[in-house]
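J.: what's the 3D shape of this:
(chains A and B)
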Amino acid sequence: MLTIDNLHANAGDKAILKGISLTVNAGEVHAIMGPNGSGKSTLAQVIAGHPGFEVTKGSITYVGQDLLEMDPEVRAQQGVFLAFQYPVEIPGVTNAYFLRSAYNELRKAHGKEEMDPMEFLDLMEQKLKVVDMDPAMLQRSVNAGFSGGEKKRNEILQMAVLEPKLAILDETDSGLDIDALRVVAGGVNALKRPDNATIVVTHYQRLLNHIVPDFVHVLAGGKIVKSGGKELALELEAKGYDWLVGTA
Amino acid sequence: MSSSIETLVNKEYQYGFVTDVDSDTLPPGLNEDVVRLISSKKNEPEWLLEWRLKAYKRWLTMTEPHWPNVKYAPINYQGARYYSAPKSVKPLQSLDEVDPELLSTYKKLGISLTEQKMLSGVAVDAIFDSVSVGTTMKEELSKHGVVFCSFSEAVHNHPELIQQYLGSVVPYSDNFFAALNSAVFSDGSFCYIPKGVRCPLELSTYFRINAAETGQFERTLIVADEGAHVSYLEGCTAPKRSTNQLHAAVVELVALDRSTIKYSTVQNWYAGDKEGVGGIYNFVTKRGKAHADAKISWTQVETGSAITWKYPSVILLGDNSVGEFYSVAVVNNKQQADTGTKMIHIGKNTKSTIISKGISAGEGQNSYRGRVQILPKAEGARNYTQCDSMLIGNTCGAHTFPYIEVANNSSTTEHEASTSKIGEDQIFYCKARGLSAEHAISLIVSGFCREVFKELPMEFALEAQQLLGITLEGSVG
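T.: Sure, this is the predicted structure:
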């Protein structure tokens, strides 16, 4: 589904990603771990198409297409979803309206009719259950005044509505208490299907107790320094990152 | 801002077509004879001619105001034309008699004077250049005793009301542009809602400037008698011209005891091109007088005009009267706006609310100018002002000039202000959910303006939102 080959990316003049290669197949869950500043979030943002980063070398192929040639909105319409580490507030725009706009863009991109507000509300009723969210949240402005946990839950709600092929969760666990973590992880698991894939970017092993990865990659100094199975996460939990960072 | 905020191709002004009709147009220039000629072309009674002449004489002694925060080349008042009427307009019995060219103009503007509008319950008095060409739903309105007609008709059919109220809120001597308007106004709308009547329809007027170099000087007078209620919509567009055109209108609202007037404007006059060539100079005086327990509410969405100079105000004369001002003003490219309101509290326990949203993009300059004046006898008066500015890009400007004068110690005023910038992060967030940059901007901006949009009647709110999108298109990439 996703093939990243020798990816280099800069923020301004600063090189952040220095040769990442990674293959993700349908049905797989990959965890990207690593110390602060290793480039985890940058990788997530580059896949989503953030304009603040410049790809200087390498390629990303997504379902047979050159992902780097696509505008961010096209990537989204083609099923790439980034759950933001810091979800952005949009005052005055209701969550319901925002979600419906996004959902309809997706439908339009696939040649389907837009869904009217009433139908959409029915759909939302189902989706809210995935993240155990109060319907009142739909009438609040997008992320404005949401608690940290509410914001993250809202990201997963968006994911539930948009049903991406490739979901990237950027430190979705940060700032969550254990109950919220369980709800969010439960939501992600409920959305898992054989034909989609998930990349979980995280600092800590604890999320991986709930979302069990097939592969774990350690990112340090802009490179993947080690890959392994889910047991690698436990090893990192016990030994920290230092023993790997030296190899970067 | 960063790389993604660049200029896309600017969308052309979509109302910029010219209608080819024979016009009865005066040569450029202004003098006493022109004033007399306008008056005689309209068969006006002597008292109105006298009033015009007094206004003209006063205007000669006045100077154009230069305190607004806008810059423009000197206006040559002798270079403008002061009267232009489509020739075909003589007394019309029905829409069938209206020049088909005119009707197709309205169609392009998205207004139909016929069935559709009637079905949607809007009566339209359309002003084409200076003469009213068709009024619908008149019969339905007259059943309730509501008078809604062109100003010229009202002068002939309801002279006593015109004489009583004309200039009662905005005297001809009020300011330079009001004096000019009073001397040369060519038409406009008049509306009277009798005692205790709730107007069964939303009344709507579309203004349009068509002839080249024609200034438009319309006058609107709305009188809500005791306990009456009316909602009035005004929409404005003009064709593209490379020269600047002057629009100096006057709107007077009279809200008698316990009445309510809600006045909504969507202004989309031609704004000039990207280099600032052409566009309307929109110098407008709008004011209402609220008697005891009455309420006047102004809502405006200003997206057009090269220069906007406009302060819809309320004189809170009667005890417990209420004044409201909800405004969205958008400037892009080289547009300049100096707009706001005045709330003058005279009666006891009067209350005013000001919500102003200014959006600046391109090299646009947007100024909010407001005056809240609480006079000594206005005990217990209250004002709440909220003034928010949004900037798109690095080359625009937002300015705020609030004046607050309080002359008693039992009143309360509150003023809140904020300035924000459309963030790269907000746009990326929307894009990452599949929305285009333009969709994202229009979403973010509509969110910013929500408090104002919710005051607009439904169909106007949609139009306003679309206009906002069109105005800002190309401001962000």
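
J.: Listing request: residues of chain A with sub-threshold pLDDT.
T.: Scanning chain A for pLDDT under 70 picks out A:246-248.

J.: B:Ala417 sits in which helix or strand?
T.: strand B:412-421 (DSSP states H and E).

J.: B:Thr419: neighbour count?
T.: Using other Cβ atoms under 10 Å in any protein chain shown, B:Thr419 has 13 other residues around it. (Glycine included, C-beta is placed from N, CA and C.)

J.: Also B:Gly196?
T.: Using other Cβ under 10 Å, B:Gly196 is surrounded by 13 other residues.

J.: Give me the three-state assignment for the closest residue to chain B within chain A.
T.: Closest contact between chain A and chain B, by Cβ to the nearest Cβ, is at A:Gly92 (3.0 Å). Of the three states, A:Gly92 takes strand under DSSP: H, G, I helix; E, B strand; the rest coil.

J.: just checking, what packs against the strand holding B:Ala417?
T.: Counting contacts by 3 or more Cβ pairs under 8 Å, 6 or more residues apart in numbering or on different chains; DSSP states H and E, strand B:412-421 is packed against strand B:382-391, strand B:397-406.

J.: Provide a list of residues in contact with residue 49.
T.: No chain was given, so I picked chain A. A:Gly49 makes contact with A:70-72, A:75, B:431-432, according to Cβ atoms under 8 Å, 6 or more residues apart in numbering or on different chains.

J.: hmm, I had chain B in mind actually
T.: B:Leu49 is in contact with B:35-36, B:39-40, counting by Cβ under 8 Å, 6+ apart.

J.: how near is A:Glu114 to B:Ile354?
T.: Distance, A:Glu114 to B:Ile354, by Cβ to Cβ, to the nearest Å: 37 Å.

J.: Which of these two has more residues huddled nearby?
T.: Just comparing A:Glu114 and B:Ile354: by other Cβ under 10 Å the higher neighbour count belongs to B:Ile354, 25 against 13.

J.: Is that one bridged to anything, and to what?
T.: Following DSSP bridges, B:Ile354 is listed with bridge partners B:Phe325, B:Thr385.

J.: what's the distance between it and chain A?
T.: Separation of B:Ile354 from chain A (Cβ to the nearest Cβ, to the nearest Å) stands at 18 Å.

J.: give the contact list for that residue.
T.: Neighbouring residues of B:Ile354 by Cβ under 8 Å, 6+ apart: B:324-325, B:340-341, B:343, B:370, B:372, B:383-387.

J.: Looking at the residues you listed, which one is closest to B:Ser420?
T.: Nearest to B:Ser420 among the contacts of B:Ile354 is B:Cys387, at 12.2 Å by Cβ to Cβ.

J.: Spit out the contact partners of that closest one.
T.: B:354, B:356, B:358, B:368, B:370, B:400, B:402, B:415-418.

J.: what does B:Glu64 give?
T.: If you count contacts by Cβ under 8 Å, 6+ apart, then B:Glu64 has B:75, B:176 around it.

J.: mind checking pLDDT for it?
T.: At B:Glu64, the pLDDT value in this model is 90.

J.: Now name the helix or strand holding the closest residue to chain A within the stretch 151-300 of chain B.
T.: Using Cβ to the nearest Cβ, B:Thr299 is the residue of the stretch 151-300 of chain B that sits closest to chain A, at 16.2 Å. Per DSSP H and E: B:Thr299 is located in strand B:295-302.
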